[in-house]
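Participant: pasting the structure only:
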């Protein structure tokens, strides 16, 4: 079986030969009239759940993790950082055990999981900055506690989101950085001085910049402007049309520059679910018909209900960037943050390629996913005649 398309970043015509759902060869060809785009599999460094699978419940199992990862393959997300939010020591520990067990049981799931994102519990207790995180479990950084979690995770915690104004945050950040963990600032009510000091000790990321914030803040200075101006910080953005208005997305991408922007879904288990009332992190939330998730009865957002591909589409629409630039924000940039771009995005090793193939509707800015290939294996494909243009 052969399929062809153009590579997203350099527009080269390429032919992929498959046998038994495995990539046999990838070669550049002189011409193809295929409208298919070939891109790296999408990389989402913040996923709380998907398709009804909630990683932030006390009963989460390895089977839940595996099922969620495989569900994400069907929407083009090939790599991810499963994300646990603020909770008790026991519940976070259970999440970590579930992820590790999932990786031990399923090698392809292990291939997809780049690391674990610990979002909290060392965050602001303030309403607004705290977001949907449960107040009773918010606490100051504790290195002994973190080390216990990292031991359970077998070193797989790769990103920690925290508030730099918390007591003991700076020495905690220094220890994280020394151990190879990416430090992200988020769910914070930090002063300009706190943010600058965190940057000085090598914090690298602003988690969902513009969110996890007060509904009303001082015009300037404030913790959003300060992070936006810090060239040392990448910024992850939830581009679902709810977390950030289109004009804000456009402005942030221009100010931060595309080289320092990363698309995330921040998806919860509600992504892909019908509108209704649900629970997230032990709290009631509402999912409306526009795929917006809020804490029940409040204006505060509680994660998103989109997959990462929708963020790619919206980035083109909102910011006026090219499709290739938008795809880069969901592939090259997050991979670079984790230092994995060469391992994940190499198209020269046929047996290890990680790709998606899709059609692009330029009029509606919509992706129609044709196939997902991970480690040289087809893990999702649409109807065969659609992919290969044959009956």
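Facilitator: Ah, there it is. Owing to the predicted nature of the structure, the values given are computational and were not obtained by experimental measurement.
Participant: Is residue 111 located within a helix, as I assumed?
Facilitator: Yes. Under DSSP: H, G, I helix; E, B strand; the rest coil, residue 111 sits within a helix.
Participant: Not counting its own residues, what contacts stretch 99-112?
Facilitator: Stretch 99-112 is contacted from outside by 55, 61-63, 65-66, 69-70, 72-73, 78-80, 82, 113, 116, 152-154, 156, 374-375, 377, 379, using C-beta atoms under 8 Å, 6 or more residues apart in numbering. No exception for glycine: its C-beta is placed from N, CA and C like everyone else's.
Participant: Now do the end-to-end distance for it.
Facilitator: Using C-alpha to C-alpha, to the nearest Å, one end of stretch 99-112 lies 12 Å from the other.
Participant: That one: how far from the chain's middle?
Facilitator: Taking C-alpha atoms, centre = their mean, to the nearest Å, one finds the center of stretch 99-112 at 18 Å from the center of the full chain.
Participant: Quick one: mean pLDDT over it.
Facilitator: Stretch 99-112 shows an average pLDDT of 98 in the prediction.
Participant: SS state for the residue nearest to the spatial centre of the chain?
Facilitator: For the chain, the residue sitting closest to the mean C-alpha position, by C-alpha atoms, centre = their mean, is residue 44 at 2.6 Å. For residue 44, the assignment made with three-state DSSP gives strand.
Participant: for residue 98, same thing?
Facilitator: Judged by three-state DSSP, the three-state class of residue 98 is helix.
Participant: Pretty sure it sits against residue 61.
Facilitator: Yes. In terms of C-beta atoms under 8 Å, residue 98 counts as a neighbour of residue 61; the distance is 5.6 Å.
Participant: of those two, who's got more company?
Facilitator: Neighbours were counted for residue 98 and for residue 61 using other C-beta atoms under 10 Å; residue 98 has more, 21 against 15.
Participant: who's in contact with the more buried one?
Facilitator: 55, 60, 61, 62, 64, 65.
Participant: low pLDDT regions in the chain?
Facilitator: Applying pLDDT under 70 to the chain flags the ranges 281, 343-345, 347-349, 384-391.
Participant: Neighbours of residue 269, how many?
Facilitator: Each residue near residue 269 was counted by other C-beta under 10 Å, and the total is 25.
Participant: hmm, I was thinking of residue 90
Facilitator: When neighbours are defined as other C-beta under 10 Å, residue 90 has 9 of them.
Participant: before we move on, what about the one 10 residues further on?
Facilitator: The tally of other residues near residue 100 (other C-beta under 10 Å) stands at 19.
Participant: Any figure for the gap between it and residue 235?
Facilitator: Here the distance between residue 100 and residue 235 works out to 30 Å (C-beta to C-beta, to the nearest Å).
Participant: again with residue 264
Facilitator: For residue 264, the distance to residue 235 - C-beta to C-beta - is 10 Å.
Participant: Just give me how far stretch 45-62 sits from the chain centre.
Facilitator: 14 Å.
Participant: Only the buried residues of that stretch, if you could.
Facilitator: Residues of stretch 45-62 classed as buried: 45-51, 53-57, 60, 62 (neighbour count, 16 or more other C-beta atoms under 10 Å).
Participant: and which of the residues you listed is nearest residue 210?
Facilitator: Using C-beta to C-beta, residue 46 is the member of these that sits closest to residue 210, with 14.2 Å.
Participant: which residues touch that closest one?
Facilitator: By C-beta under 8 Å, 6+ apart, the residues touching residue 46 are 81, 83, 117, 119, 207, 208, 236, 264, 265, 266.
Participant: Verify the stated contact: the last one with residue 45.
Facilitator: No. Taking contacts as C-beta under 8 Å, residue 266 lies outside contact range of residue 45: 9.8 Å.
Participant: sorry, back to before: from the contacts of residue 46, pick the one nearest residue 226.
Facilitator: residue 207 (14.4 Å).
Participant: A helix includes residue 313, no?
Facilitator: Yes. Looking at residue 313 with three-state DSSP, it is inside a helix.
Participant: That one: neighbouring residues, count only.
Facilitator: The burial count for residue 313: 19, using other C-beta under 10 Å.
Participant: wouldn't it be in contact with residue 368 here?
Facilitator: No. Using C-beta under 8 Å, residue 313 makes no contact with residue 368, being 10.7 Å away.
Participant: For residue 129, give its distance to residue 289.
Facilitator: 28 Å.
Participant: higher neighbour count, those two?
Facilitator: A side-by-side neighbour count of residue 129 and residue 289, using other C-beta under 10 Å, places residue 129 first with 22 against 7.
Participant: check which helix or strand covers that one.
Facilitator: For residue 129, there is no helix or strand it lies in under DSSP states H and E.
Participant: What residue, apart from its backbone neighbours, is nearest it spatially?
Facilitator: Leaving aside its chain neighbours, residue 129 sits nearest to residue 189 (4.8 Å; criterion: C-beta to C-beta, 6 or more residues apart in numbering).
Participant: Residue 169 and residue 143 touch, don't they?
Facilitator: No. Look at residue 169 against residue 143 with C-beta under 8 Å: they stay out of range, at 11.2 Å.
Participant: ok, these two, which is more surrounded?
Facilitator: A direct count of neighbours by other C-beta under 10 Å for residue 169 and residue 143 places residue 169 higher, at 24 against 12.
Participant: on that earlier part again, taking the buried residues of stretch 45-62 one by one, which sit in helices?
Facilitator: Using DSSP state H, residue 62 are the members of those that sit in helices.
Participant: So which of the buried residues of stretch 45-62 belong to strands?
Facilitator: 45, 46, 47, 49, 50, 53, 54 (DSSP state E).
Participant: and residue 194, what is it in contact with?
Facilitator: 164, 165, 169, 188.
Participant: give me that answer again for 10 Å
Facilitator: Going by C-beta atoms under 10 Å, 6 or more residues apart in numbering, residue 194 touches 163, 164, 165, 166, 169, 170, 185, 188, 223, 226.
Participant: Perfect, I'm done here.
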